[in-house]
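Engineer: Provided below are the primary sequence and the corresponding predicted coordinates.
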Amino acid sequence: MKGLIAVLLSLTLSLGEPVYQNDSERQIYCSAPNDEKKIALTFDDGPHPIYTEQILSILREYGIKATFFTIGENVKYYPDIFEMVLNDGHEIGNHTFSHPHMRSENTNELMDEICMTENLFRQKGAANTKLFRPPEGVCSDTVCATAKQMGYAIILWTVDTKDWSHTPPEKIVNGVTERVKSGDIILFHDYIASPSPTPDALRKLIPELLAKGYRFVTVSELIGA
């Protein structure tokens, strides 16, 4: 049975679908169950010239620190917005340089994508990060082996808000509040083609989760890295 579970998990990761259990051998984290109602907000694909700043303003209002999995190209396009993320004390994760299709990337190409982004972070004064989120959550054998070789933990999620598909804010809020549990990693995006439902969803979601006793932490704080 244990072998079957491993095979099924491997298949799920290779297909790039969300997984709801961790894989310590390959340093993959989807959650970090705890008794303190700690959860982590994560934002992919930014920075965005409009939405990132709106999201930062909301997080600042509630004193929440999140983890932003940023794309190197967008850091180059919007360095001032990236600096806002850093200045507000949020955690940075590597989301590749150009958001390529992971199923077609070989080891050297993936290393280049990660290293270019890593070097750009360093130039901008970002703290060294060892958190990597592969585009679309694709965790093929190549992705897992490369990330592990480079010392990165792969961070996936347990709750996908589907904000990327322009899900209405109220539906996002209801979906998260119905599913969330202690230790979850919640997937949002700060870069979405207009219009984005994310800021409006956060304005409603955050106070609801705080009222339920949840505590927002960064991914590193959640997984104990």
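Structural biologist: Perfect, thanks for sending it.

Engineer: low-confidence ranges in this structure?
Structural biologist: Residue ranges of the chain with pLDDT under 70: 1-20, 225.

Engineer: where along it do the helices fall?
Structural biologist: 2-15, 51-62, 72-77, 79-87, 107-123, 141-149, 169-179, 198-211, 219-223 (DSSP state H).

Engineer: now tabulate the ones you listed in JSON lines and tack on distance to Glu25.
Structural biologist: Just so you know, the C-beta spots here come from the backbone N, C-alpha and C atoms, and that holds for glycine as well. Below are these laid out as JSON lines (distance: least, Cβ to Cβ, whole Å):
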{"stretch": "helix 2-15", "distance to Glu25": "9"}
{"stretch": "helix 51-62", "distance to Glu25": "34"}
{"stretch": "helix 72-77", "distance to Glu25": "28"}
{"stretch": "helix 79-87", "distance to Glu25": "32"}
{"stretch": "helix 107-123", "distance to Glu25": "19"}
{"stretch": "helix 141-149", "distance to Glu25": "9"}
{"stretch": "helix 169-179", "distance to Glu25": "27"}
{"stretch": "helix 198-211", "distance to Glu25": "32"}
{"stretch": "helix 219-223", "distance to Glu25": "15"}
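
Engineer: Serialize these to TSV and add fields for mean neighbour count and distance to Leu131.
Structural biologist: Shown next, in TSV, are these (neighbours: other Cβ atoms under 10 Å; distance: least, Cβ to Cβ, whole Å):
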stretch	mean neighbour count	distance to Leu131
helix 2-15	13	17
helix 51-62	18	18
helix 72-77	18	15
helix 79-87	17	14
helix 107-123	17	11
helix 141-149	18	10
helix 169-179	16	22
helix 198-211	19	20
helix 219-223	20	6
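
Engineer: so which of those comes closest to His95?
Structural biologist: helix 107-123 (7.4 Å; Cβ to Cβ).

Engineer: what angle do the closest one and helix 79-87 make?
Structural biologist: 80 degrees (axes from the mean of the first three to the mean of the last three Cα atoms, to 10 degrees).

Engineer: residues in contact with helix 107-123?
Structural biologist: With contact meaning Cβ atoms under 8 Å, 6 or more residues apart in numbering, helix 107-123 is reached by 70-72, 75-76, 92, 94-98, 100, 102, 105, 128-129, 132, 142-143, 145-147, 150, 152.

Engineer: ok, now with 7 Å
Structural biologist: Under the criterion Cβ atoms under 7 Å, 6 or more residues apart in numbering, residues 72, 75-76, 92, 94, 96-98, 100, 129, 132, 142-143, 146, 150 lie in contact with helix 107-123.

Engineer: on that earlier part again, tell me which of the helices of the chain sits nearest to Asp45.
Structural biologist: Of all the helices of the chain, helix 72-77 comes closest under Cβ to Cβ, at 7.1 Å.

Engineer: follow-up on the earlier one: determine which two of the contacts of helix 107-123 are furthest apart.
Structural biologist: Greatest spatial distance among these (Cβ to Cβ): Lys76 and Thr142, at 25.6 Å.

Engineer: from Ile186, how far out is the residue most central in space within the chain?
Structural biologist: Centroid-nearest residue in the chain, with Cα atoms, centre = their mean: Thr42, separated by 4.2 Å. Distance from Thr42 to Ile186, counting by Cβ to Cβ, to the nearest Å: 7 Å.

Engineer: packing partners for the strand ranked longest in the chain?
Structural biologist: Identified as the longest strand of the chain according to DSSP state E is strand 38-44. Using 3 or more Cβ pairs under 7 Å, 6 or more residues apart in numbering; DSSP states H and E, the elements in contact with strand 38-44 are strand 67-70, strand 185-189, strand 215-216, helix 219-223.
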